[in-house]
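> give me a model of this one.
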Amino acid sequence: MRFICFFNQFNHLLVKPTGRELNRRKMACSRYEYVKTYEQDDTILPNVWIVIRIDGKKFHKFSKTHNFEKPNDENALNVMNAAATAVMQEFPDVVLAFGQSDEYSFVFRKETAAFKRRSAKLLTYVTSLFSTSYVMQWTKWMSVPLAYAPCFDGRVVLYPSNENLRDYLSWRQADVHVNNLYNTAFWKLVLESGFSNQKAEERLRDTLSADKNELLFQEFGLNYNNLPAMYRKGTILLRKRVISSGDNDEKGRKAIVPLHEDLISSHFWKSHTEILGKYVPGTYKASEALPRLVDLQLSTKQEQKQEKQEEQENPENLAGIS
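Numbering: from 1, shown residues only. Predicted coordinates for the structure are as follows:
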């Protein structure tokens with residue numbers, strides 16, 4: 001350590017240092033610098049899929065405080081989707097995000113060099129960015145004021161093969177089906193049949209999926225498969241070139257698009273080859289109105305483009321000249 005400090009000082013004799021540089025060197029070569037040796041190397045292995053999954057902390061209380069609709073609140077889910085979109089906009093190396101309820105998974109491509117693949121850096125940045133974006137997006141989707149800020153925790157999981165990654169995402173989507181089917185039956189019993197929470201739990205205890213489907217259809221006339229796909233399958237976020245009706249740009253405009261498809265099937269991976277293959281965003285053709293999440297992105301980009309064009313056409317405004 002002393003040799004390094006001496007060498008640095010000798011090497012910089014050729015150039016007269018500034019006061020700030022002197023202070024920096026003094027700190028760098030201080031006797032306290034040894035504490036850096038306690039930092040652990042958390043660099044992630046190369047050539048593996050990096051998945052960061054965030055989960056809401058005490059979200060049962062949070063949803064009750066903000067009066068979320070049961071069993072699913074479309075607007076609350078869209079706040080999650082909007083926050084996840086903000087994360088993907090910040091990290092181009094996130095090739096796919098998958099969300100349900102109060103959780104979201106972000107898949108970084110194998111070759112990513114973001115934050116030099118440091119696990120703690122990636123985890124804290126994604127989690128904090130998602131949390132703050134959730135707060136910022138709240139008023140765009142929810143009619144009730146935010147009583148307090150939500151909290152999310154996170155974890156980093158590595159998957160070495162494409163098959164491992166697909167199995168992980170299949171597991172999370174299967175979890176959507178299991179939880180949502182149960183919750184749909186549970187809240188039907190509570191809200192429409194007057195069951196107490198305890199009685200509803202007893203009624204559904206040890207029942208299979210077929211039993212819950214039969215209950216919903218026989219007692220409430222509800223075909224579970226007719227529920228919105230977002231509730232049954234979760235939300236997949238992918239980068240696409242969006243082509244809408246009346247759009248003059250044949251190449252489309254880049255946006256992060258929410259999809260509610262069956263990613264367990266091989267058809268999904270054949271339709272979206274950019275995920276596992278060479279990363280070139282596919283095309284999303286909107287037969288109807290664009291999803292609001294996409295429309296907000298494109299509107300924001302258009303506003304930014306117009307502002308930039310106005311600045312170029314009127315440079316005197318930047319100089320404060322009227």
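
> drop to CA atoms for contacts and neighbour counts, all remaining ones
Fine.

> got the residue ranges for the strands in this protein?
Using DSSP state E, the strands of the chain run over residues 49-56, 94-100, 103-108, 152-159, 235-244, 253-259, 282-286.

> where exactly do the helices run in the protein?
2-11, 19-28, 59-65, 74-90, 119-141, 162-191, 197-204, 209-220, 229-233, 266-271, 292-313 (DSSP state H).

> taking the centroid of this protein, which residue is nearest it?
Closest to where the C-alpha atoms of the chain average out (Cα atoms, centre = their mean) is residue 84, at 2.8 Å.

> next one, pLDDT for the closest residue to that one other than its chain neighbours please.
Counting by Cα to Cα, 6 or more residues apart in numbering, the nearest residue to residue 84 once its immediate chain neighbours are dropped is residue 130, at 6.3 Å. Residue 130 carries a pLDDT value of 98.

> burial of residue 198, as a residue count?
Using other Cα atoms under 10 Å, residue 198 is surrounded by 9 other residues.

> the nearest residue to residue 158 once chain neighbours are set aside: neighbour count?
Nearest non-adjacent residue to residue 158, counting by Cα to Cα, 6+ apart: residue 50, 4.9 Å away. Using other Cα under 10 Å, residue 50 is surrounded by 26 other residues.

> can you pull the contacts of residue 50?
107, 108, 109, 110, 156, 157, 158, 159 (Cα atoms under 8 Å, 6 or more residues apart in numbering).

> how near is it to residue 111?
10 Å (Cα to Cα, to the nearest Å).

> ok, residue 141 touching residue 77?
No - judged on Cα atoms under 8 Å, residue 141 makes no contact with residue 77 at a distance of 9.3 Å.

> more neighbours: the two, which one.
Each of residue 141 and residue 77 has its neighbours counted (other Cα under 10 Å); residue 77 has more, 21 against 14.

> that one against residue 98, yeah?
No - judged on Cα under 8 Å, residue 77 makes no contact with residue 98 at a distance of 12.0 Å.

> from residue 199, how far out is residue 55?
On the measure of Cα to Cα, residue 55 and residue 199 end up 29 Å apart.
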